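Enquirer: Any chance you could fold what I've pasted below:
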Amino acid sequence: MRALLPFPDISPEIFSISIFGFELALRWYALAYIVGILIGWRLAVLAVKTPRLWRNDTVVMTPTQIEDLLTWVIVGVILGGRLGYVAFYQPAYYAQNPGEILAVWQGGMSFHGGLLGVILAGFLFTQRHRIPRLSAADVMALGVPPGLLLGRLANFINAELWGRPTDLPWGVAFPTEAAQHCPAVAGVCARHPSQLYEAGLEGLLLGAILIWLVWRLGALKTPGFVAGVFFAGYGCARLAVEFVRQPDAQFITDGNPLGLVWHLSGWGLTMGQILSLPMILLGIWLITNARRSS
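Expert: Next up, the predicted model:
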């Protein structure tokens, strides 16, 4: 019998209450967003309250501006994440059903789309308040990993975005019907817990590296460096995990079981990998430019 890990019995809902016939529930996924944003906000505020972290001990933003920026970021995450999912993953479906584009409660968010939304929000905010863009990008990048860590843990609890089938001893038997549909596997199907891989790489490890760079090496004194490490680090982590992550169903066909969006003779890239490559290139450019300017 193959070794595998049973899926933990954790309800996606923390609690639910009924008010006047309406069922209101707090889900782990929603809590992950809330707590992740709060932690990221506090990290950013702590950074701008510590002058020694900045070049010439001159802070480029105030805590009040961080709080104002947070509103812009939340809007950018929601709109960008949803529109990114529509454009990158299911454009044909939503072209036929445009009324469902804003139905975010039905699920469907793209990290890369959310990132583009945050970049646009940050661009407009810094232009309005005349804040140095690269330094603002560094502060924003510092606050992202906690949300990634908690969001991926919530994905695991929701038994979604799991990995490909595996016979490794830490493979997890996710309980959903879709997760157990493994034609090449007899019996219970164990899959890579790719959500946990991403939580560890994109959230915990990348977050620890950014904190170390900021508080130990004074990386905020080199504008653009922290943002560059974030872009390159996330891109590399996502690129690697995509090799064991189950691709989106709409990309899988009989002749393309790996769900590769671009492929040639069985080799290619998934949508997540394609979207991560520009992040890696942008990160390398930001790091190189920051080092030259220091």
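Enquirer: where along the stretch 1-150 of the chain do the strands fall?
Expert: 5-6, 13-19, 22-27 (DSSP state E, counting those that start in this stretch).
Enquirer: Check the stretch 151-294 of the chain too.
Expert: Going by DSSP E, counting those that start in this stretch, the stretch 151-294 of the chain shows strands at 172-173, 262-264, 267-269.
Enquirer: Comparing those, which comes out most buried?
Expert: For the strands of the stretch 151-294 of the chain, the largest average neighbour count (mean count of other CB atoms under 10 Å) is found in strand 172-173, namely a mean of 20. To be clear about C-beta, it is placed using only N, CA and C from the backbone, and glycine gets the same treatment.
Enquirer: Against which helices or strands is it packed?
Expert: In this structure, strand 172-173 makes packing contacts with strand 5-6, judged by 3 or more CB pairs under 8 Å, 6 or more residues apart in numbering; DSSP states H and E.
Enquirer: Please state the offset of the strand it packs on from the chain centre?
Expert: What separates the centre of strand 5-6 from the centre of its chain is 25 Å, taken as CA atoms, centre = their mean, to the nearest Å.
Enquirer: before we move on, what about stretch 199-212?
Expert: Its chain's C-alpha centre and that of stretch 199-212 lie 12 Å apart, by CA atoms, centre = their mean.
Enquirer: How about stretch 206-223?
Expert: 20 Å.
Enquirer: Where does the prediction get shaky in this protein?
Expert: For the chain, residues meeting the criterion pLDDT under 70 lie at 1-3, 20-21, 23, 104-107, 265-266.
Enquirer: now the helices for it?
Expert: Counting by DSSP state H, one finds helices in the chain at the ranges 28-48, 63-88, 91-96, 111-129, 133-142, 145-157, 194-198, 206-215, 225-241, 271-293.
Enquirer: With L102 as the reference, name the closest of these.
Expert: helix 63-88 (7.0 Å; CB to CB).
Enquirer: quick one on the thing from earlier: mind putting the strands of the stretch 151-294 of the chain into CSV with distance to S293?
Expert: CSV is the format used below for the strands of the stretch 151-294 of the chain (distance: least, CB to CB, whole Å):
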stretch, distance to S293
strand 172-173, 46
strand 262-264, 35
strand 267-269, 32
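Enquirer: do you know which of those lies nearest A137?
Expert: The closest of the strands of the stretch 151-294 of the chain to A137 is strand 267-269. By CB to CB, the value is 26.4 Å.
Enquirer: partners of that closest one, with directions?
Expert: According to DSSP bridges, strand 267-269 has the following sheet partners: strand 262-264 (antiparallel).
Enquirer: tally of neighbours for E177?
Expert: E177 has 7 neighbours, counted by other CB atoms under 10 Å.
Enquirer: now do R42
Expert: Other residues close to R42 by other CB under 10 Å number 13.
Enquirer: one step back: dump the helices of the chain into a markdown table; add distance to F22 as well.
Expert: Shown next, in a markdown table, are those (distance: least, CB to CB, whole Å):
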| stretch | distance to F22 |
| --- | --- |
| helix 28-48 | 16 |
| helix 63-88 | 22 |
| helix 91-96 | 28 |
| helix 111-129 | 29 |
| helix 133-142 | 36 |
| helix 145-157 | 23 |
| helix 194-198 | 30 |
| helix 206-215 | 37 |
| helix 225-241 | 38 |
| helix 271-293 | 36 |
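Enquirer: Wait, G218 touches P51, no?
Expert: No: G218 is not in contact with P51 according to CB atoms under 8 Å; the separation is 11.5 Å.
Enquirer: more crowded one of these two?
Expert: G218 (14 against 10).
Enquirer: Could you pull up phi and psi at that one?
Expert: With angles defined as degrees, to the nearest 10, G218 sits at phi 60, psi 40.
Enquirer: quick one, what contacts it?
Expert: Residues in contact with G218 (CB atoms under 8 Å, 6 or more residues apart in numbering) are 52-53.
Enquirer: Against G143, how distant is it?
Expert: As defined by CB to CB, to the nearest Å, G218 lies at a distance of 18 Å from G143.
Enquirer: now L43, nearest residue through space, not along the chain?
Expert: Of all residues not flanking L43 in the chain, G143 sits nearest, at 5.0 Å (CB to CB, 6 or more residues apart in numbering).
Enquirer: give me the number of residues near that neighbour?
Expert: 26.
Enquirer: My read is that it contacts V48, right?
Expert: No: assessed by CB under 8 Å, G143 is found out of contact with V48, at 11.2 Å.
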